[in-house]
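1. return atomic coordinates for the entry below.
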Amino acid sequence: MFVFNKEVIARNCEPGVTRKILSYTEDLMMCEITFEKGACSDIHSHPHLQITYIVKGRFEFTIDGEKKRVSAGDSLYMPANSIHGTVAIEEGMLVDVFSPMREDFLMG
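-> Purely as a prediction, here's the structure:
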């Protein structure tokens, strides 16, 4: 029921990007993602619904070809199978919420 951030091991997922899986059930997963300045998540898609909250920093997100800059306090929604990715304009942190959970995150 309780997950303490200091006890969760961050895993490298792309150059300059780490991920912590904070909490999850079969239906829902929450992750903390940290980015070094200039790091990016490659353009990709997945069948999960995703909501992202920008904890700190500034990012340029692309969702289905539309680019927008977002910063701390902003949030965004990526529908299932949308094509999306981001670049960290400065060092930052995101909280990603997925439905259903990302089983692929547990394997890698």
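
2. okay, CA-based contacts and neighbour counts for the rest of this
-> Noted.

3. ok, what's across the strand from the residue nearest the centre of the chain?
-> Against the mean C-alpha coordinate of the chain, by CA atoms, centre = their mean, the closest residue is residue 96 at 4.2 Å. When bridges are called by DSSP bridges, residue 96 pairs up with residue 31, residue 52.

4. how close does it sit to residue 29?
-> Note on residue 96: its distance to residue 29, by CA to CA, to the nearest Å, is 8 Å.

5. likewise for residue 17?
-> Residue 17 is 18 Å from residue 29, by CA to CA.

6. what does residue 7 show for phi and psi?
-> Dihedral pair for residue 7: phi -100, psi -10, per degrees, to the nearest 10.

7. tell me the SS of the residue nearest to residue 51 when sequence neighbours are not counted?
-> Spatially, and ignoring its direct neighbours in sequence, residue 51 is nearest to residue 77 (4.5 Å; CA to CA, 6 or more residues apart in numbering). Judged by DSSP: H, G, I helix; E, B strand; the rest coil, the three-state class of residue 77 is strand.

8. element containing residue 62, please.
-> Here residue 62 sits within strand 58-63, counting by DSSP states H and E.

9. hmm, who's touching that strand?
-> 43, 67-72, 78, 82-92 (CA atoms under 8 Å, 6 or more residues apart in numbering).
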